[in-house]
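**Q** What follows is a predicted protein model with its sequence.
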Amino acid sequence: MKNIVITGGAGFIGSHVVRLFVNKYPEYHIINLDKLTYAGNLANLKDVENKPNYEFIRMDICDFENVYKLFQDKHIDGIIHLAAESHVDRSIKDPFTFAQTNVLGTLSLLQAAKLYWESLPKRYENKRFYHISTDEVYGALQITDPLGIESPFTTKASSEHHQAYGHEFFVETSKYNPHSPYSASKASSDHFVRAYHDTYGMPTIVTNCSNNYGPYQFPEKLIPLFINNIRHRKPLPVYGKGENVRDWLYVEDHARAIDVIFHHGHIADTYNIGGFNEWKNIDIIKVLIKTVDRLLGRPEGADLDLITYVTDRPGHDARYAIDSRKLQDELGWEPSLQFEEGIEKTVQWYLHNQEWMDYITSGEYERYYEDMYSKR
């Protein structure tokens, strides 16, 4: 049995990766390692929490001694590292927390893996350290008029909307140029991961992914926040004029990509994961309004008046756009959903899971975990 640690497994993307691995690989022992900060919620994994090949351990990845002991006690073969502080606005207000978790936490995991694996007779054989990063480390791209470039994923992922807002895309060799404390902390962690391969020979892989959306996303992020606000007729705060462009990927497609790369990706390589699916923020907000209104039986456009333009975020990058053709060409991955399908599924999930949303927005889940673990 392979013993795999998935850090941040109670979070948004992490919970989807945990679920996929637990269900797909019953011969693996999947250890969900999560500190349970505000964005971690074990309710995201109710459907697998009693599976015999799943285990949850509450731990801070910055606690090197306990992380190292975990590797020794559980005989860890691989790590999929998703745990991170990830909200740009929070990083602007509190950069120290982002440096602590994203940089020193990653270094703690790297050093624990190094020491344990180097103590084994076969050292790094059949071991893997997979680090998940973001497209924001590359900086920003220029916005031009929509180009209507055809997606390479025309059979499954292209949509009527599909268009590119510039000729340039982030590729695996793009220069790092982070603009926020969040992206700077992730860029630093990426460099440490690559340095551990180059210095010690550790079998590492790094991936950089575009914006994810889907079920179980913490409702401070744009899509779940706005779905909930539309439902309750609350204002929809839009930075600047809403002209910033992002490439969007359905979270389950990201989890599938992680699965493929973890098992078949080339050691010391980098893969970009994206959907060739660019949207201006204001356009995606209008799609959300249209979809929520339709599913709630409201007149079309009834909630457009909720849009409120607010002062733009400092250092707000204009455009991110990922070129993931390397991943497609080398490992055969491609997105499975058109954006319209993914948004429909996502809106329906949040509308049908209001209890989950209320549990999060009330803060009840945080009080529950603090009470539960304080008694141990």
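**A** It's in. Numbers count the residues shown, from 1 in each chain.
**Q** residue ranges for the strands of the stretch 151-300 of the chain, please.
**A** Secondary structure of the stretch 151-300 of the chain by DSSP state E, counting those that start in this stretch: the strands cover 204-209, 211-213, 236-239, 245-250, 270-273, 278-280.
**Q** The ones you listed: which one's closest to Phe64?
**A** Closest of these to Phe64 is strand 204-209, at 18.3 Å (criterion: Cβ to Cβ). (Each C-beta comes from the backbone N, C-alpha and C, glycine too.)
**Q** Which residue is most remote from the mean position of the protein?
**A** Pro121 (34.8 Å; Cα atoms, centre = their mean).
**Q** what about that residue, distance to Glu49?
**A** From Pro121 over to Glu49 the distance is 35 Å, taken as Cβ to Cβ, to the nearest Å.
**Q** Only alpha carbons, please: show stretch 277-289 as CSV.
**A** Extracted in CSV, the C-alpha atoms of stretch 277-289 (Å, rounded to 0.1, in the frame of the first residue of the first chain):
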residue,chain,number,x,y,z
ASN,A,277,-11.4,29.7,-20.9
GLU,A,278,-10.9,33.4,-20.4
TRP,A,279,-13.6,35.6,-19.0
LYS,A,280,-13.7,39.2,-17.8
ASN,A,281,-14.9,39.4,-14.2
ILE,A,282,-17.9,41.6,-15.1
ASP,A,283,-19.0,39.0,-17.8
ILE,A,284,-18.7,36.1,-15.4
ILE,A,285,-20.8,38.0,-12.9
LYS,A,286,-23.5,38.6,-15.4
VAL,A,287,-23.5,34.9,-16.3
LEU,A,288,-23.9,34.1,-12.6
ILE,A,289,-26.8,36.6,-12.2
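**Q** and it, average pLDDT?
**A** For stretch 277-289, mean pLDDT rounds to 94.
**Q** residue ranges of the helices in this structure, please?
**A** 12-24, 64-74, 88-93, 95-98, 105-118, 181-200, 222-231, 251-264, 281-295, 325-331, 339-352, 354-361, 364-374 (DSSP state H).
**Q** Just give me the lowest mean pLDDT stretch among these.
**A** Minimum mean pLDDT among the helices of the chain: helix 364-374, a mean of 64.
**Q** Tell me how far the residue nearest to Tyr213 when sequence neighbours are not counted lies from Leu141.
**A** Among residues not flanking Tyr213 along the chain, Ile223 sits closest, at 4.7 Å (Cβ to Cβ, 6 or more residues apart in numbering). According to Cβ to Cβ, Ile223 stands 21 Å off from Leu141.
**Q** Then Glu364?
**A** Applying Cβ to Cβ, the value for Glu364 to Leu141 is 40 Å.
**Q** These two - which one has more neighbours?
**A** Shown here are Glu364 and Leu141; by other Cβ atoms under 10 Å, Leu141 has more neighbours (22 against 11).
**Q** The nearest residue to the more buried one once chain neighbours are set aside bridge partners, please.
**A** The shortest distance from Leu141 to any residue other than its chain neighbours is 4.3 Å, reached at Arg319 (Cβ to Cβ, 6+ apart). Under DSSP bridges, the beta-bridge partners of Arg319 are Val245.
**Q** Could you measure from Arg319 over to Phe170?
**A** Following Cβ to Cβ, the distance that separates Arg319 from Phe170 is 10 Å.
**Q** list residues touching both of the two?
**A** Among the neighbours of Arg319, those also in contact with Phe170 (Cβ atoms under 8 Å, 6 or more residues apart in numbering) are Leu141.
**Q** ok, those two, which is more surrounded?
**A** Phe170 (25 against 22).
**Q** Name whatever forms a beta bridge with that one.
**A** With DSSP bridges as the criterion, Phe170 is bridged to Ile322.
**Q** List the residues that contact it.
**A** So Phe170 contacts 135, 138, 141, 208, 272, 320-323 (Cβ under 8 Å, 6+ apart).
**Q** mind redoing it with 7 Å?
**A** Shown in contact with Phe170 (Cβ atoms under 7 Å, 6 or more residues apart in numbering): 135, 138, 272, 320-323.
**Q** ok, and the most crowded of those?
**A** With neighbours taken as other Cβ under 10 Å, the top of the contacts of Phe170 is Ile322, carrying 27 neighbours.
**Q** okay but that residue is in contact with Asp247, surely?
**A** Yes. When contacts are counted by Cβ atoms under 7 Å, Ile322 is listed as touching Asp247 (5.2 Å).
**Q** what residues do the two have in common as contacts?
**A** Residues touching both Ile322 and Asp247 (Cβ under 7 Å, 6+ apart): 210, 274.
**Q** Kindly state the pLDDT recorded for Thr154?
**A** On pLDDT, Thr154 comes in at 55.
**Q** Quote the end-to-end distance of stretch 129-142.
**A** 33 Å (Cα to Cα, to the nearest Å).
**Q** what mean pLDDT does that stretch have?
**A** With pLDDT averaged residue by residue, stretch 129-142 scores 96.
**Q** For that stretch, list every residue counted as buried.
**A** Neighbour-count burial for stretch 129-142 flags 129-141 (criterion: 16 or more other Cβ atoms under 10 Å).
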